[in-house]
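**Student:** what follows is a protein structure lacking sequence information:
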């Protein structure tokens, strides 16, 4: 039987694993599913068709699975899906999807979502992502694995943030950010690769050097984007770590920062 505080309001139709903990004054709606090992703090509202996997910690004063902030939304049955092992700090707002997209907002595994973060409708966040205090994603944003969004960073709708990218404090991102790239706050200007992050994740010196060479082709060579992409694709034949950069250029919904 779930460990639910006597002041919490849990709809009888909600599905909670037997070992879920729910703190005082929290409210959980009828279409919510919460997996084993999850801890829901006090004053949390979880509503809509929302699914949490295993071992998530949701601290106090969060709004999880509320309707999207989209004027086109007309009450359709959309969804928020959260994976396993995530930490969601205080005062976050994580919204459901819209039928204008896939109908699902999706958050992966082992992410660290700090205080006052906003994840809008139809966003897709990978695994091992860190979002600093007050970081915000507009609708339809994709964030790749291991990306870091520092505090007060803001991402425009339909932008893609690549794997291992680093968005600096107070950056305003209105174009897609390729994998490995570090973005500075001055008009979201690329200023190098996230080499320290790559070292921490076990990339070898040779791999990091390959990424650095690809960065120079993309940002320092003066090539057109198509020519830079072709050159990096040739490099990727002998450096597997560059293939995600090529794939990102091919599939980004918005033009990339340059």
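**Tutor:** Alright, I've got the coordinates. All figures in this text were calculated on a predicted structure; none of them were measured in a lab. Numbers count the residues shown, from 1 in each chain.
**Student:** residue 87 against residue 57, yeah?
**Tutor:** Yes - here residue 87 lies in contact with residue 57, judged by CB atoms under 8 Å, at a distance of 5.1 Å. C-betas here are computed from N, CA, C, even on glycine.
**Student:** what residues are bridge-paired with the residue nearest the centre of the chain?
**Tutor:** Most central residue of the chain, judged by C-alpha distance to the mean C-alpha position with CA atoms, centre = their mean, is residue 125 at 3.0 Å. Beta-bridge pairing of residue 125 under DSSP bridges involves residue 107, residue 143.
**Student:** swap in residue 46?
**Tutor:** residue 28, residue 64.
**Student:** ok, it - contacts?
**Tutor:** Residues in contact with residue 46, defined by CB atoms under 8 Å, 6 or more residues apart in numbering, are 26, 27, 28, 29, 32, 34, 40, 52, 58, 64, 65.
**Student:** okay, now the third one: neighbour count?
**Tutor:** Each residue near residue 28 was counted by other CB atoms under 10 Å, and the total is 26.
**Student:** please apply the same query to the first one.
**Tutor:** Around residue 26 there are 23 other residues, counting by other CB under 10 Å.
**Student:** what does the fifth one give?
**Tutor:** A count of neighbours around residue 32, defined by other CB under 10 Å, yields 24.
**Student:** isn't it right up against residue 44?
**Tutor:** No - applying CB under 8 Å, one finds residue 32 not in contact with residue 44, separated by 11.0 Å.
**Student:** now the common contact residues for these two.
**Tutor:** With CB under 8 Å, 6+ apart, residue 32 and residue 44 have no common neighbours.
**Student:** quick check, pLDDT for residue 28.
**Tutor:** Model confidence at residue 28, given as pLDDT, is 98.
**Student:** what's near enough to touch it?
**Tutor:** Residue 28 sits in contact with 8, 9, 10, 11, 14, 16, 22, 34, 40, 46, 47, where contact means CB under 8 Å, 6+ apart.
**Student:** change it to 10 Å
**Tutor:** 2, 4, 8-11, 14-16, 20, 22, 34, 40, 44-47, 50, 64-65 (CB atoms under 10 Å, 6 or more residues apart in numbering).
**Student:** what about the stretch 101-250 of the chain, any weak spots by pLDDT?
**Tutor:** Residue ranges of the stretch 101-250 of the chain with pLDDT under 70: 187-188.
**Student:** go again with 80.
**Tutor:** 186-188 (pLDDT under 80).
**Student:** which residue ranges form the strands in it?
**Tutor:** 104-107, 112-113, 118-119, 124-125, 130-131, 136-137, 142-143, 148-149, 154-155, 160-161, 166-167, 172-173, 181-184, 189-193 (DSSP state E, counting those that start in this stretch).
**Student:** who touches the fifth one?
**Tutor:** Contacts to strand 130-131, defined as CB under 10 Å, 6+ apart, come from residues 87-89, 92, 111-119, 125, 137, 143, 146-151, 153, 155, 166-167, 197.
**Student:** partner strands of it, with direction?
**Tutor:** Short version: by DSSP bridges, strand 130-131 pairs with strand 112-113 (parallel), strand 148-149 (parallel).
**Student:** which of those strands sits closest to residue 176?
**Tutor:** strand 148-149 (13.7 Å; CB to CB).
**Student:** which residues touch that closest one?
**Tutor:** So strand 148-149 is contacted by 112-114, 117, 125, 128-132, 135-137, 143, 155, 161, 164-169, 171, 173, 177, 182-183, 194, 197 (CB under 10 Å, 6+ apart).
**Student:** what do you get if the cut-off is 8 Å, keeping everything else the same?
**Tutor:** By CB under 8 Å, 6+ apart, strand 148-149 touches 129-132, 135, 143, 155, 161, 165-167, 194, 197.
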